[in-house]
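Enquirer: With the input below, show me the fold.
(one chain, ligands or ions: 2)
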Amino acid sequence: MNKTKIELYNVGKTKNRIKILKDINLRFGSGKIHILIGPSGAGKTTLLRLLNRMDEPSSGKIEYDGKDIKDIPVLELRRRIGMVFQIPVIFDGTVKNNLSVPYSLRTNSNHVNEEDLINALELSGLRNDFLERRASDLSVGEKQRLTVARALMNKPDVLLLDEPTSALDHFTGIKLLESIKKLNEALGLTIIMVTHQLEYARILDGRVINLVNGTIVRVEEVEDSFLDSESI
Ligand SMILES: Nc1ncnc2c1ncn2[C@@H]1O[C@H](COP(=O)(O)OP(=O)(O)OP(=O)(O)O)[C@@H](O)[C@H]1O
Ligand SMILES: [Mg+2]
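Expert: Residues are numbered from 1 along each chain as shown. Ligands and ions are numbered 1, 2, ... in the order given. Next up, the predicted model:
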């Protein structure tokens, strides 16, 4: 059996007395691609946010590499578990600023290795001559790649992606997914991605976790879920 990266034990989340997640037990294998799918309002974003402590579970426990995530300093946890949001959040300044400033803040170091910058860009599918460009001038697809590159600056083990393709056209979305798949193959990154589109799950060829109404209704390999795609 492969190594476990993240594991949830009876995790529940209640907000304003509404049970959003109910008793979730889930294991994310290390170096694998996991795709979280399910209808709007199912609790996908809520679940993702618990994994790097952007939010806390109301019950149950989450482990990272066998350790309760509450026992890992939160900045350290977020360095190891990077997150890419649905809408890319970009700061003023150049692409280089966008990559190096959050990194410097997190590591308390002013020294950013030029090679790391170029590496992160190339892994995310951006050319290195983008470094001096104004980030606000980038297209939405390029901005989304920049947010992937920014997460990679921390050399994470896990990348959480919340519908990263939803603001992109079909072609650009597929290209981003191909980059994400390459990251998994080249770096052994564990990927946990939320999507509405089962077709995108097929490109990533991962394990599909179907969340409905705060409960996991099915976990299966992507090919099997295509046999029964009507129900998703
Ligand atoms: N603070 C809150 N108080 C009450 N309900 C909330 C709160 N935050 C989220 N919810 C509800 O929790 C449910 C799950 O929300 P969540 O954002 O996790 O869904 P999702 O599966 O990511 O949906 P989508 O596909 O639309 O992004 C929704 O019904 C939402 O309205
Ligand atoms: Mg969501």
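
Enquirer: for the protein, what's the longest helix?
Expert: Identified as the longest helix of the chain according to DSSP state H is helix 170-187.

Enquirer: and that one, what does it pack onto?
Expert: Contact partners of helix 170-187 among helices and strands, from 3 or more C-beta pairs under 8 Å, 6 or more residues apart in numbering; DSSP states H and E: helix 114-123, helix 140-152, strand 158-162, strand 190-194, helix 198-204. (Glycine included, C-beta is placed from N, CA and C.)

Enquirer: Please repeat the previous calculation with a cut-off of 6 Å.
Expert: Packing contacts for helix 170-187, counted by 3 or more C-beta pairs under 6 Å, 6 or more residues apart in numbering; DSSP states H and E, involve helix 198-204.

Enquirer: Quick one, grab the pLDDT at the residue nearest the centre of the chain.
Expert: For the chain, the residue nearest the mean C-alpha position is residue 160 (1.4 Å; C-alpha atoms, centre = their mean). pLDDT recorded at residue 160 is 97.

Enquirer: For it, list each beta-bridge partner.
Expert: Counting by DSSP bridges, residue 160 forms beta bridges with residue 83, residue 192.

Enquirer: my guess is it contacts residue 192, does it?
Expert: Yes. Counting by C-beta atoms under 6 Å, residue 160 does reach residue 192; the two are 5.2 Å apart.

Enquirer: any idea how far residue 217 is from residue 24?
Expert: Residue 24 is 11 Å from residue 217, where distance means C-beta to C-beta, to the nearest Å.

Enquirer: So if I had to pick from those two, which one is more boxed in?
Expert: Per other C-beta atoms under 10 Å, whichever of residue 24 and residue 217 has more neighbours is residue 24, with 22 against 13.

Enquirer: which phi and psi does the closest residue to residue 166 other than its chain neighbours have?
Expert: The shortest distance from residue 166 to any residue other than its chain neighbours is 5.5 Å, reached at residue 86 (C-beta to C-beta, 6 or more residues apart in numbering). Backbone torsions of residue 86, given as degrees, to the nearest 10, read phi -60, psi -50.

Enquirer: list the contacts for residue 86?
Expert: By C-beta atoms under 6 Å, 6 or more residues apart in numbering, the residues touching residue 86 are 162-163, 166.

Enquirer: Quick check: it vs ligand 1, distance?
Expert: Residue 86 sits 8 Å away from ligand 1, taking C-beta to the nearest ligand atom, to the nearest Å as the criterion.
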